[in-house]
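> Model the structure of this input:
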Amino acid sequence: MQIKDILLAPGSGAFFYDDQAAIRAGAIQDSLIYLGEPITPGFTSIRVPAASLSIGLALTDGTVVWGDMMGVQYSGAGGRDPLFETAQISDLASRAVVPRLLDVDASRYLDACAKVFKPFQRKRLPLAIEYGVSQALLRAAAHLHRTTMAEVVCGEFNLPLPTRRVPIYCQSGDAREINVDKMILKAVDVLPHGLINSRQKFGVDGQTFREFVKWVASRTRQIGRPGYHPVLHFDVYGCIGFEIGLEPQQIADFICKLAETVPGFTLNVESPADFGSTQAQVENYAKIVSILDNRGSSAHIVVDERCNTLEDIRLFAEAKAAHLIQIKTPDVGSIADAARAVLICKENQVGAYVGGSCTETDLSAQASVHVSVATQADMMLAKPGMGVDEAFSIVGNEQNRLLATLTRRRAQNEKVG
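You can find the predicted model right below:
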């Protein structure tokens, strides 16, 4: 077998893990921290530094390939796995995963994932483990085949070598105005996220949020280069539902009126409401989507909360319960399942957005680029971190390097043919 040893190395994620329940309950933000007591189990404070765990696969030729495990920013919320604890994850990985890794053919990617991620003690492995280990296995397969990770994905799923660039979406964090300017000056495809995660940022009846949306559109026209026309994408973390109620008609009315304030722009609204369960989310989001479509609105609904695993994504896609589904990579688990999720969205003519979290790392972000490009997702998140410059550079440069490599590969194949 090609894997002869396993390394584990604790690390940092690029942002923080936040207790969403405490923030929704009104925790006061004091500069970077939140005041008050945590609510979600596992949190010792409302905001804690994001931890990660790297796993290295030492191959027989002396090469070590890596993948990174971590949770998402709002761990333990919306049906997600609990807060990432490095010591617990390391112990479980050592007992459950390491023996399996030493006994697989790393050149056969999907087969290796299937064998390594079998249930342990009748339970599914934590999704963070699946995510990090699947990255390392993907790098191992690419190394052994002397190809890119994207080519491994294409080969495993019988996809043609991609040619199209995938649009990149940046997130602002709380430094909204400065980061919006950065995005516009760098001509980001989709912007700005906005982090509208509290009533203070949303405003009474959404007035603060509406003003911000109009400002982003105005600022884009003011300082953007000629011909620059990004998609405007705002994540409101359920705030529309919290403020105006959970009636789909009222939520759709709010979103329609919002879209009318920024004519000429496509408007994405992510997580407009949280209906409390996956099934309720599917049913009510489908109603909102139908209302918007019937009105011919330029607004699109994006689902995140309550749509975590591959099974969840299939439910939303088949029910047309979103115009765009965020495939939140650490929540999906194996990055092979992230690829499957994109293909499920395409089969059902629903937009596929390969997202993730600000808590990720450079390695997980780069692996996500290869999956996004291989499957030709509709957009992908610039990650990790909450700053624009670093995340846009990591994801954008990796995509450009990959596309240049694939162009060369096609030219070589044509010569041989």
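> Please make it C-alpha for all contacts and neighbour counts, starting now.
Fine.
> Relative to the strand or helix carrying Val269, what are the paired strands and their orientations?
Using DSSP states H and E, Val269 maps to strand 267-270. Strand 267-270 has the following strand partners under DSSP bridges: strand 231-235 (parallel), strand 299-303 (parallel).
> Looking at those, spot the one closest to Ile129.
With C-alpha to C-alpha, the closest approach to Ile129 among the strands paired with strand 267-270 belongs to strand 299-303: 23.9 Å.
> buried ones in the longest helix along the chain?
Secondary structure of the chain read by DSSP state H shows that its longest helix is helix 388-416. Burial within helix 388-416, assessed by neighbour count using 16 or more other C-alpha atoms under 10 Å, is assigned to 388-389, 391-392, 394-396, 398-399, 402-403, 406.
> Strands along the stretch 51-200 of the chain, start to end?
Applying DSSP state E, counting those that start in this stretch to the stretch 51-200 of the chain gives strands spanning 64-70, 168-169, 190-193.
> and stretch 236-253, how far apart are its ends?
End-to-end distance for stretch 236-253, by C-alpha to C-alpha, to the nearest Å: 16 Å.
> err, stretch 156-167, not the other one
Using C-alpha to C-alpha, one end of stretch 156-167 lies 24 Å from the other.
> Serialize the strands paired with strand 267-270 to CSV and add fields for distance to Ala150 and mean neighbour count.
Listed next are the strands paired with strand 267-270 as CSV, based on distance: least, C-alpha to C-alpha, whole Å; neighbours: other C-alpha atoms under 10 Å:
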stretch, distance to Ala150, mean neighbour count
strand 231-235, 26, 22
strand 299-303, 26, 25
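> so which of those gets nearest Leu246?
strand 299-303 (15.0 Å).
> Counting neighbours, which bits of the biggest strand by length in the chain end up buried?
In the chain, assigned by DSSP state E, the strand with the most residues is strand 3-18. Buried positions in strand 3-18, judged by neighbour count with 16+ other C-alpha under 10 Å: 3, 6, 8, 11-18.
> Quick one: work out the angle between it and strand 64-70.
30 degrees (axes from the mean of the first three to the mean of the last three C-alpha atoms, to 10 degrees).
> Just the C-alpha atoms of the very next helix or strand once past strand 3-18, please, in CSV.
Moving toward the C-terminus from strand 3-18, the next helix or strand (DSSP H and E) is helix 20-24. Presented in CSV, the C-alpha positions along helix 20-24 are these (Å, rounded to 0.1, in the frame of the first residue of the first chain):
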residue,chain,number,x,y,z
GLN,A,20,-24.8,31.7,17.1
ALA,A,21,-27.5,31.1,19.7
ALA,A,22,-25.9,33.7,22.1
ILE,A,23,-25.5,36.2,19.3
ARG,A,24,-29.1,35.8,18.2
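> Going by neighbour count, which residues of helix 20-24 are buried?
20-23.
> same deal with stretch 290-309?
290-292, 297-309.
> picking up where we left off before, with mean pLDDT and mean neighbour count as extra columns, can I get the strands of the stretch 51-200 of the chain in JSON lines?
JSON lines is the format used below for these (pLDDT from 0 to 100; neighbours: other C-alpha atoms under 10 Å):
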{"stretch": "strand 64-70", "mean pLDDT": "98", "mean neighbour count": "26"}
{"stretch": "strand 168-169", "mean pLDDT": "98", "mean neighbour count": "26"}
{"stretch": "strand 190-193", "mean pLDDT": "98", "mean neighbour count": "25"}
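> returning to that earlier point: pipe the strands paired with strand 267-270 into JSON lines and attach mean pLDDT per row.
Listed next are the strands paired with strand 267-270 as JSON lines, based on pLDDT from 0 to 100:
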{"stretch": "strand 231-235", "mean pLDDT": "98"}
{"stretch": "strand 299-303", "mean pLDDT": "98"}
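> Export those strands as TSV, with columns for distance to Asp30.
Output for those, formatted as TSV (distance: least, C-alpha to C-alpha, whole Å):
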stretch	distance to Asp30
strand 231-235	22
strand 299-303	29
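> of all those strands, which lies closest to Asp331?
Taking the strands paired with strand 267-270 one by one with C-alpha to C-alpha, strand 299-303 is closest: 13.4 Å.
> what about that closest one, distance to the chain center?
Distance, stretch centre to chain centre, for strand 299-303: 15 Å (C-alpha atoms, centre = their mean, to the nearest Å).
> what's that strand in contact with?
255-256, 259, 266-272, 285, 288-289, 292, 322-326 (C-alpha atoms under 8 Å, 6 or more residues apart in numbering).
> what does stretch 206-214 give?
Contacts of stretch 206-214 (C-alpha under 8 Å, 6+ apart): 196, 201-203, 240, 243, 258, 261-262.
> Closest one to Pro330 out of these, please.
Ile196 (21.6 Å).
> How many residues are close by the closest one?
Using other C-alpha atoms under 10 Å, Ile196 has 21 other residues around it.
> quick one, what contacts it?
202, 209, 234-237, 239.
> Which of those residues fall in helices?
202, 209, 239.
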